[in-house]
Structure formats: C-alpha cells, structure tokens
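whatever this is, show me its structure:
(chains A, B and C)
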Amino acid sequence: MEPSSLSGLPAGVGEALEAEGVAELYPPQEAAVEAGVVDGESLVAAVPTASGKTLIAELAMLSSIERGGKALYIVPLRALASEKKAEFERWEEFGVTVGVSTGNYDSDGEWLASRDIIVATSEKVDSLIRNGAPWIDDLTCVVSDEVHLVDDSHRGPTLEVTLAKLRRVNPGLQTVALSATVGNADVIADWLDAELVESDWRPIELRTGVHFGNAIEFDDGSRREVPVERGADQTAELVADALDTEEDGQGGSSLVFVNSRRNAESSARKLTDVTGPRLTGDERDRLRELAEEIRGVSDTDTSEDLADAVEEGSAFHHAGLASEHRSLVEDAFRDRLIKCVSATPTLAAGVNTPARRVIVRDWRRYDGEFGGMQPLDVLEVHQMCGRAGRPGLDPYGEAVLLASDADTREELFDRYVWAEAEPVRSKLAAEPALRTHVLATVASGFAATREGLLSFLDNTLYATQTDDEGRLAAVTDTVLDYLDVNGFVERDRDGGSEGLAATGIGHTVSRLYLDPMSAAEILDGLRTVADGADDEGAAGDFVPADGAGPAPDAGAEADADDSGFTTYTRADEEGGDPAAEAGEPDAAAAPAVTPLGLYHLVSRTPDTYELYLKSGDREEYTEVCYERETEFLGDVPSEYEDVRFEDWLAALKTARLLEDWANEVDEDRIAERYGVGPGDIRGKVDTAEWLLRAAETLARDVEGVDGDTVVRVREARKRLEYGVREELLDLAGVRNVGRKRARRLYEAGIESRADLREADKAVVLGALRGRERTAERILENAGREDPSLDGVDPDRSASAAATAGADADGDGDGQASLGDFG
DNA sequence: CAGGTTGGTGTATAGACAGCATGTC
DNA sequence: CTATACACCAACCTG
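Okay, here's the model as predicted:
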C-alpha cells in the first residue's frame, strides 16, 4: 500500500511520506489502515520497537485533524515528549500545529488549545484534566505510546485512569494504543473497544542469541565465532567483534546493558581498551571536545569519569547523570562518535538510541523487597534487545545475552529468546494508586456517589481483567475511609446511595497533583506550627493521649478525626506510644520553622523517593536527629520502638542533602557526602521545590497558620531553587546570576539587586572575573540604566576576594569554609 | 625486606512523573 | 536466602 493512496489525510501528506522514503507501508501499518485507523477507528498496535508504530499514530492523528479534530499523544517520559514533538513538527507545513506540555516544559507559551497535536506525559494529562483544561473536550483522537506501561505499579494506574477519563468525557474518541509485543494485547484491545493489530514484523532483521564459550548461537540457527581467551572479558570481545565487522564502511556500535550504576561505570571504563585504539584522529579530536562539554555540565566525579571514558570512545548512561550528560551521550552515540555505551535500563525505555549490537550482560538484578537477585522481566529484556539494528545504517541487528556456562545458555534461550513477554496486568487495585485517583475522580466531577465511582472504575483495564469483583470495591472503600477521615472528601450516607464530594482542601490537593498521603503529612506538619495550637494545644501536639499523633484543633470531633487519620496512615504498626519516648521536644511553644524542618517534612512524604541509608548512616543521622530535634514539624518516632524511625532517618538524609544545597555546598561535595550523582541532586531538589510550592498553597488553607510561616516556606523553597543562603536570594533572582556569581558579588560587597544598579562597575566586573559580556548582561538584567562596561577595568581586589572564597569552598573542607559565609 | 599475590570479609545494588513562571558558570 | 563487583585488609609468597 502506498502512502499517497490513502484517503482522509491532509493534502500532500501521502506524497510527503513517499518523499521521505516511505514508498510502501510496512505490513503492520497496512494492517492498521485496513483496521480503520484513518477512519477514526480505535486500535491497539502491539508490534516491536522501530517497526513503524509512530507512523500508525501519525496516520490516526492527521486524519482526525483533517476531519476537524484535535489529537493528544501521550508519552511515558518527558524526554520522549520533545523527541515526538520534533518528529511531528514536520507536518507543520501542512498546517498542522504541535505543542508540548510536561511538568517542566510548556511549548512556546502558546495556548495548547490552539494546537492540533499535543504531546504530553500521562501525569500531565491527568493534571490537565484535574485542572479543567478546556480543550480536553475537543479531543477526537488520543494516542497512548508504550501502553504496556499500565503494568507499572507506580505509574500504570495513572495512565489507565487517564485513558478511562478521556474516553468518558468524549465517547466518540478514537483511541490508538501503541504497545510492545506483550502476552495479552487482546485484553488491552478489549478494554479500549479497539481493533487489534499484532505482529512480530520488523523492518530490520533482528537476530537474538546467546554467547557462551567461543561463539554466539542465534535463534535462527546461525552461529558466529567470537572467541574469548582465558581471562579475557566476554563483553569486551563482543564489542570488539562488532567494531571490527564493517558494514556500510564502518564498524558497528554496541549497547551493553548491566544491572547497576557502578557496573555501568566500570564496564565503560574497561571498554575504553576496546574502543580507544580503534578511533581515528578526527574522532579523537571531536571526542575531546565532547569530553570538555561533559566536564562543563557538572564538577562531580561522575562527570569527570564520564568525560574520561568518552575521550576513549566509550560511555556510561544511568539516572545519576545530569540530563545534559545523558543527552550528550545519546546524541554522540547516535552520531556514531561514541562506539559503545554501558547502560542501566534507562536506555532501554528512553529515547531512541539504536546500536548494531545489543549485549545483555546482566539478566538478574538486585531486588531489595525480595532480598536477592531477581531475573529481569521478559518484556524488559525484549525491549533491550529491540534496540539492536539502526535503521538505514545496519543491514541487521544483533542482540546477545551472555552466559558463563552451558546450563545458563539453555536457561537464557528458554527464558528470554524463545519466550513470549508476560501479560500486562493492571495494578490499579492498590491503596496508594486508588488513594490519589479516587480523590481526583470525585474532585473533577467524574463521580458524585460511591456507586458512580465504582461504575467509573468499571471502565478501567483492571475491571476488564479481574475475576475478583469485590476487590476493587473493597479497596475503594478503604481509600474512601482514609480520604474522609483526613477531610478530603465528604460522604453523605442518606438513603440507599452514598453521596461523595470533595472538600475545599480535597479539591486543592487534587489540583496540586499531590498524593493525598503527602498532603496529609504536610498538613499535619503545618498544623504543629499553627498559632491556635501553640499555647493551649501544645501538650496535645506532642503528647497525644492515644499515641496517635498531633491534634491541632481543640474540638472533640476534630480530635477524633485527626487521631483516626494518623493511626490510619501508619496502620502497618503497633499502636504503642511512639512519641512519648524520643519524640517529645522540650519546646513549650510551636517550634520556629526552619528550612531543615520543612525539607524533612516534604522528604518524608510518599512523593519523595527515599535515599538509601548506608552503613554508618543510621548512627550519623540518629545523632543529627537528636541535635536538631526542635526543628522537626511533627512528632519524631521512637528510635527503639518504632519501625517508622528508619524511614524518618532516610528522610533526614534527604533533608540534609537539600539543606546542603541551600547552604551553597558544592555539587561535588554533596555527591560525595551522600553517595549520589549530579542527576540525583537535581532530582531531589526539583521534587522538594515542587512539594514546597504545594506546601505553600496548603499553608494558606490551614487554620491558624500565620503569614510568617508561609513566608518561611516560600523562602526555604526559593533557597532550593537558587541553591543559596538567605542573604543571596535577592541577587540570585537576577537573571544570569546563579549561586556562584551571587556569592562572588556578595563577597565583593554587592549584596542586592539595588547594589548592582549603583555599584562601582569596576568592582562588579572584578567580582565576575573580568567577564565583560556576562557582567553587562547582568547589570542590564538588574535594571541598571547604563550597563555598558566600555573602558572599565576590573577591580582586582574584588576578584581576589571572590576567588579566595570560591577556592576555599571547592578544595578544602566544605563545612569549615562555609563558616566564612555564615 | 619491599612489593606483589591471594583470599577472606564487608558492603552495596534501576528508574523518574507532577506545579509554576522563566533562565547557570 | 538465591549474585556479583569491588574496596579493603591481612596473611602469605617471592626476588
């Protein structure tokens, strides 16, 4: 079938596709057309990666737009959103407009309502629905990319509920779901009332095999000799073999999947021995430039190690990298400059980074809950293997699993090569998932009664799949109790049916996109500093009669409610009286609100991913816990009796990381001190910023919380945003002034935006190390009337003072030098 | 005796979405 | 609990 023979697309699109080189639709695409994608028919396409799924989606969206509609493309990752946007923008010449909306990025600042195609993450779509984005009603086509992720226990329910809501709002909606090949695509199709196109067809041949001893055995029966000398590294030999096999005039790149960050880093280091000697002079030059760019992203060891490897044509890739690191590596790998990437699963599901050869080195991964090594899911391994074969570059792709003995070889064939991926199973019927979605469903008006709620939930994949009719209802009731007790919903049990409505605070929580449990924790913490609670309520705050937690209000009813909530939140433990032992601060009045207290408050919510407590950390943070006891908002669990204590310490570790960041401790010191990468630091800071912004909003709704507390919350948040101490907040707010420049200016005596407008230009220039253009921009951004620095000589003393400060901070003991700042 | 080898022990372990209003060194 | 890599350290061997 030729693209130009398709009807229903905007004029010229078919021809444009042919001009792109799509002379003929791929078989799965043709099957999709036959199933009616261009006629508004819903469809589930379960086909391998890189077999033209995106074009199926484009055909659906473009034909829908041609009929006067509007399309939404849901992606699982933010990084994919921009990738897809760029891809879809080639239709702009046919009058089709594209917009993106993700948590950290909205396109162009233009109204999404005017866009024909909107690309967004599932959470963002969920949030937009909750906040009543007007264009949701106008959608005629929704595409869900990687829909098999409904299986994910954390994020799957969001996708599932979001699709159910979109379909509820708009009954005629065309739903196109793109999935990897999974065990039960038919069930997904059933759920979405969609046609099913299922296929193993790939445009580039993929051979999957297992290497053991001196050869790879492939699934098609072929065999390739790759000898491994005794003591030599199996992975290295396979990477070398791919590089030495020229197709298209060049050796093939490899992608190595390993099971931990550390393994990714050490693998990349080892593989430099393979890639380094095979580089051309020109490649070396370009790689050196790239390495410099990488070093420029961050000052951490991680950054340095990555740059060192990259200079030799090898790289690692995992979530500890800063996002700039990641894209630099991905781009250079796609450009064939980096020959080999050792990666954790980040790369299996992320942006498109194909390689000639994929090597799955580790097929088991440590699972803390399980307490040992668990084999990877078949689907996950298939996704990794699917990265083999670069369209247009390789005549074939090879995926190789590594076995160290004959038994393992057989196991790998059985478990992964011949096996079908697991069936997808909805994870909706779990409390954490339902807690947030039940509230949102009620708050955004999708259900006004318990029955209405259950009937809405009947449109989910879970309902389609389950045999256990009562389970969803049972969990829903548990969750409704929780939401009721915490004051997020009101129930009206009059008559036969039970009415449901979100309270004011319930609406706020839903719109803020908070997990209700996070909101409860934050509210609980804020109430401990509410005025009403200080004096009369102080005793009640810290020594609850029933050991259940703070009781902010004097009223008997409120007491009952709050103790109920607290008990419920921590339902997994013994009652006891945790607060009495360790958690009873001396403070008679409400504690002063400190940044650490606030950072701890948001760090202990379920919306923050916990930092791992290493050996020795327990002791260290227990000590900190006592030293800074008065700063915590809420009762401290008992060190000896309370299983929550461990989590409390983990949150404290996170809070300390945030505090360090806000105290201008250098990135590399933080990385070292907490055993994290630059990407983790950014991630933690972002999350905390987001939660503190939510806390600020919530604080306004808590009775008794004064304006001063709100200001402290805002200040703690802004200090995270800029990564500075209090005295630099004003300066750091000036564009082009970050934590480093602000500190240098401050040391030179320029302490505020106003100072910038009036200060001696020579001093400014000196503090900024003589960078004229930068200094001019900063002066301009500070609102100075005459920012020009023509003929100004930098004041050396300003520069010297600033440099001394920065150096001490960088090299010496961070804590000691920070004393100078305070 | 310096310097290297071997072997036992201890430790640690993947990923990443959301709000809001604009920009690091 | 199930694995594996690595850092660390001590006992041991060798030129």
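
alpha carbons only for contacts and neighbour counts from here, please
Fine.

low-confidence bits of the stretch 451-600 of chain A, can you list those?
Low-confidence segments of the stretch 451-600 of chain A, defined by pLDDT under 70: A:531-591.

longest helix of chain A?
When chain A is parsed with DSSP state H, its longest helix is helix A:678-701.

for it, packing partners?
helix A:504-512, helix A:516-527, helix A:595-603, helix A:644-662, helix A:667-674, helix A:707-722 (3 or more Cα pairs under 8 Å, 6 or more residues apart in numbering; DSSP states H and E).

most packed of those?
Mean neighbour counts were taken over these using mean count of other Cα atoms under 10 Å, and the top value, a mean of 26, falls to helix A:595-603.

who touches that one?
With contact meaning Cα atoms under 8 Å, 6 or more residues apart in numbering, helix A:595-603 is reached by A:518, A:521-522, A:525, A:608-610, A:631-633, A:651-652, A:654-656, A:658-659, A:688, A:691-692, A:712-713, A:716.

7 Å instead?
With contacts defined as Cα atoms under 7 Å, 6 or more residues apart in numbering, helix A:595-603 is touched by A:522, A:525, A:631-633, A:651-652, A:654-655, A:658-659, A:688, A:691-692, A:716.

and of the residues you listed, the nearest to residue A:99?
residue A:691 (26.3 Å; Cα to Cα).

once you drop chain neighbours, what's closest to that closest one?
With Cα to Cα, 6 or more residues apart in numbering as the criterion, residue A:691 has its nearest non-adjacent residue at 6.2 Å, and that residue is residue A:602.

show the pLDDT at residue A:52.
Predicted confidence (pLDDT) for residue A:52: 89.

er, residue A:63 I mean
With respect to pLDDT, residue A:63 has a value of 97.

doesn't it fall inside a helix?
Yes. Looking at residue A:63 with DSSP: H, G, I helix; E, B strand; the rest coil, it is inside a helix.

any idea how far it is from residue A:653?
According to Cα to Cα, to the nearest Å, residue A:63 stands 52 Å off from residue A:653.

cool, and residue A:256?
Where residue A:653 is concerned, residue A:256 sits at a distance of 33 Å (Cα to Cα).

with residue A:181 instead?
41 Å.

could you report the neighbour count for the residue in chain A that DNA strand B sits nearest to?
Proximity to DNA strand B, evaluated over chain A using Cα to the nearest atom of the strand, is greatest for residue A:738 at 2.5 Å. For residue A:738, the neighbour count with other Cα atoms under 10 Å is 18.

send the alpha carbons of stretch A:757-777 over as CSV?
Written as CSV, here are the backbone C-alpha positions of stretch A:757-777 (Å, rounded to 0.1, in the frame of the first residue of the first chain):
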residue,chain,number,x,y,z
ARG,A,757,22.3,49.1,40.0
GLU,A,758,24.6,51.5,41.8
ALA,A,759,27.8,49.7,42.5
ASP,A,760,31.2,50.7,41.1
LYS,A,761,31.4,48.9,37.7
ALA,A,762,35.0,48.0,38.3
VAL,A,763,34.0,46.1,41.4
VAL,A,764,31.2,44.3,39.6
LEU,A,765,33.5,43.4,36.7
GLY,A,766,36.2,42.3,39.1
ALA,A,767,33.8,40.1,41.1
LEU,A,768,32.7,38.5,37.8
ARG,A,769,36.3,37.8,37.0
GLY,A,770,36.5,40.3,34.2
ARG,A,771,33.9,38.7,32.0
GLU,A,772,32.6,41.8,30.4
ARG,A,773,29.7,40.5,28.3
THR,A,774,28.4,38.5,31.3
ALA,A,775,28.7,41.5,33.6
GLU,A,776,26.9,43.8,31.1
ARG,A,777,24.1,41.3,30.7
